[in-house]
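Student: Turn this into a structure:
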Amino acid sequence: MCFEAVRRSGTVSILGVYGSPYDNFPLFRIFDKGITIKQGQAPVLNYIDHLIELVKTEKVVLDDIITHSLPLSEVSHAYKIFDEKEDDCVKVVLKP
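Tutor: Predicted coordinates for the structure are as follows:
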């Protein structure tokens with residue numbers, strides 16, 4: 001949808017981790033509109049200390065995105081329900 005929405009000669013930025021190939025990539029639209037694509041993993045190390053402090057001081061509350069809390073011993077199950085979006089899984093917290 002972003003390639004449809006971006007203006008001609010616009011830029012689409014993609015952040016995150018994408019580990020598998022994706023079919024139906026709209027190369028025709030990217031070429032036709034002259035779109036620039038910038039991508040990469042989020043620079044977590046630049047922000048993590050500040051973000052953790054926001055959570056500790058409760059300036060940011062994560063209850064609305066954390067849908068599952070599981071022991072570390074159930075990591076395989078956690079990845080499975082997240083990957084397959086079972087049980088409306090959005091974010092899993094693993095507890096040691």
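
Student: Once you drop chain neighbours, what's closest to Lys38?
Tutor: Ser13 (4.8 Å; Cβ to Cβ, 6 or more residues apart in numbering). C-beta: built from backbone N, CA, C; applies to glycine.

Student: Confirm that that neighbour sits in a strand.
Tutor: Yes - judged by DSSP: H, G, I helix; E, B strand; the rest coil, Ser13 forms part of a strand.

Student: Contacts only, for it.
Tutor: Ile37, Lys38, Gln39 (Cβ atoms under 8 Å, 6 or more residues apart in numbering).

Student: so the second one sits right up against Thr11, yeah?
Tutor: Yes - counting by Cβ atoms under 8 Å, a contact exists between Lys38 and Thr11, whose distance comes to 6.2 Å.

Student: before we move on, back to that, mind putting the contacts of Ser13 into JSON lines with secondary structure and distance to Leu54?
Tutor: Listed next are those as JSON lines, based on DSSP: H, G, I helix; E, B strand; the rest coil; distance: Cβ to Cβ, whole Å:
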{"residue": "Ile37", "secondary structure": "strand", "distance to Leu54": "30"}
{"residue": "Lys38", "secondary structure": "strand", "distance to Leu54": "26"}
{"residue": "Gln39", "secondary structure": "strand", "distance to Leu54": "26"}
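
Student: Just the buried ones from those residues?
Tutor: With neighbours counted by 16 or more other Cβ atoms under 10 Å, the contacts of Ser13 contain no buried members.

Student: Which of the residues you listed scores worst on pLDDT?
Tutor: Across those, the smallest pLDDT goes to Gln39, namely 87.

Student: what's the spacing between that one and Leu15?
Tutor: Gln39 sits 7 Å away from Leu15, going by Cβ to Cβ, to the nearest Å.

Student: swap in Ala42?
Tutor: 5 Å.

Student: State the helix or strand in which Val75 lies.
Tutor: When elements are assigned from DSSP states H and E, Val75 belongs to helix 75-83.
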